[in-house]
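Peer 1: Quick one, what's the 3D model for this:
(2 chains)
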2 protein chains.
Amino acid sequence: MVKTNKSLEAKQKILAGLIRLAYKEGIDSVTYQKVADEVGLSYYLVHYYFAKGTNTLLDEGIAYVGKRAQEYISNYISNVAKESNVVMIHQYILGTLNWGRDFPDESSFWAYYYHLCSRRSDMAKFNQEVTRVAQKRVERLIREDIGSEHFPFQNNIPELAEDLHTYIVGATIKYLTNRNDQQFDHVVKQSWRFAEKLFTLHARKFV
Amino acid sequence: MVKTNKSLEAKQKILAGLIRLAYKEGIDSVTYQKVADEVGLSYYLVHYYFAKGTNTLLDEGIAYVGKRAQEYISNYISNVAKESNVVMIHQYILGTLNWGRDFPDESSFWAYYYHLCSRRSDMAKFNQEVTRVAQKRVERLIREDIGSEHFPFQNNIPELAEDLHTYIVGATIKYLTNRNDQQFDHVVKQSWRFAEKLFTLHARKFV
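Peer 2: The predicted model follows:
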């Protein structure tokens, strides 16, 4: 039991090191040896954990970052939900961009993940499920906002959620590719305003 | 003169080889030697062209892909503009996604470029200009569509263009990370419908 925790700890340490290294020096320069040096473990230990089976170090890095992003955004939303009168969709946008800002190395690795999906069908398949889950979450937050009377009843919530999700992917890329406070504020403002517009357009009364 | 053309040809051959190799085997496994093997030139020649100055092989690859994408989309738009009654914004979306479909290696490299921008401020700065030019193009196409009476007069065309551009970045990522015919059709349809919605919303009469 203790052994399992210890090995999990070492694995996470190695993955965090990989992601820091990829951010500092570039993914094209990552080697087992450099990761080992980064985290102060031996080459053999890094190799031991990540050379077995089909999962490579990079693939495990993707899964690790994805899981952490998911947890961060979920926690963020649960926390703000304690406040009254917040618009959940706004908070989802803010949580996503906060994650990008507060974890530059992890969010940069996530941008690399998009590249991986664009050339590897196994990764693309994994991403379909990630996208499906994310869109479903957006849908639920929209329903919650309607229930709180932040927005009127909406037509075709799945379509609305898909459009919002597509836009948020673009907006996140826009911030990640130009990381500074001014751009952060601009992208949040642009996305909030955009969400409001979309809700106005989809409102049932317009049909 | 002949020499210059020849060296330009060799350079482009090397860059195209780099991009094919990165698509097949992954950017993390690219070396000068592998690129040389891919294009049937010597290691020394590849090194000669791309080890000088601050521009690395990858950076030149980005510039090459960006230029080719820009040319492809411009040509695509000029060509369809010969037909009467086309909606230019629809054609811009289609041209962008066609580029992604017809050049899987180049568009995959472009996704990698987003990762680079997320960790390198020089690349991010370059991307600001790329984004500015792209948004300006969207603006002009919107004005053209209004002039052709495809859409009513619009409020705040720069804001509209920025929203559309953000969405198209997200939509392109969505296709690139799930390359198949069904997804292509879905993303085109979703984006066209989205553009129509946005034009309805921004139409001056609604204000």
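Peer 1: hey, let's count contacts and neighbours off CA atoms from now on
Peer 2: Noted.
Peer 1: the longest helix in chain A is where?
Peer 2: The helix of greatest length in chain A, counted in residues with DSSP state H as the criterion, is given as helix A:121-147.
Peer 1: which helices and strands does that one pack with?
Peer 2: Under the contact definition 3 or more C-alpha pairs under 8 Å, 6 or more residues apart in numbering or on different chains; DSSP states H and E, helix A:121-147 sits against helix A:88-102, helix A:104-117, helix A:157-176.
Peer 1: Buried deepest among these, which one?
Peer 2: Ranked by mean neighbour count under mean count of other C-alpha atoms under 10 Å in any protein chain shown, the helices and strands packed on helix A:121-147 are led by helix A:104-117, which reaches a mean of 24.
Peer 1: Could you report the distance from the residue positioned nearest the centre of chain A to B:T31?
Peer 2: Most central in chain A under C-alpha atoms, centre = their mean is A:A69, positioned 4.4 Å from the mean C-alpha point. Taking C-alpha to C-alpha, to the nearest Å as the criterion, A:A69 is separated from B:T31 by 32 Å.
Peer 1: Buried by neighbour count: which residues of stretch A:130-148 qualify?
Peer 2: Of the residues in stretch A:130-148, those with enough neighbours to count as buried (16 or more other C-alpha atoms under 10 Å in any protein chain shown) are A:135-146.
Peer 1: Need the contact partners of stretch A:99-109.
Peer 2: Outside of stretch A:99-109, the residues within contact range by C-alpha atoms under 8 Å, 6 or more residues apart in numbering or on different chains are A:19-20, A:22-23, A:62, A:65, A:69, A:72-73, A:172, A:175-176, A:179, B:115, B:118-119.
Peer 1: Let me know the average pLDDT across that stretch.
Peer 2: When the per-residue pLDDT values of stretch A:99-109 are averaged, the result is 97.
Peer 1: and A:N85, what pLDDT?
Peer 2: At A:N85, the model reports a pLDDT of 87.
Peer 1: Let's verify it: helix, strand, or coil?
Peer 2: Using DSSP: H, G, I helix; E, B strand; the rest coil as the criterion, the local structure at A:N85 reads coil.
Peer 1: Give the burial count for it, as a bare number.
Peer 2: By other C-alpha atoms under 10 Å in any protein chain shown, the residues close to A:N85 number 12.
Peer 1: give me phi/psi at it?
Peer 2: A:N85 has phi and psi values of phi 70, psi 20 when expressed as degrees, to the nearest 10.
Peer 1: Among the buried residues of stretch A:130-148, find me the one that's closest to chain B.
Peer 2: Of all the buried residues of stretch A:130-148, the one with the least separation from chain B (C-alpha to the nearest C-alpha) is A:Q135, at 12.4 Å.
Peer 1: so that closest one makes contact with A:A161?
Peer 2: Yes - A:Q135 is within contact range of A:A161, at 5.9 Å (criterion: C-alpha atoms under 8 Å).
Peer 1: Appreciated, that's everything.
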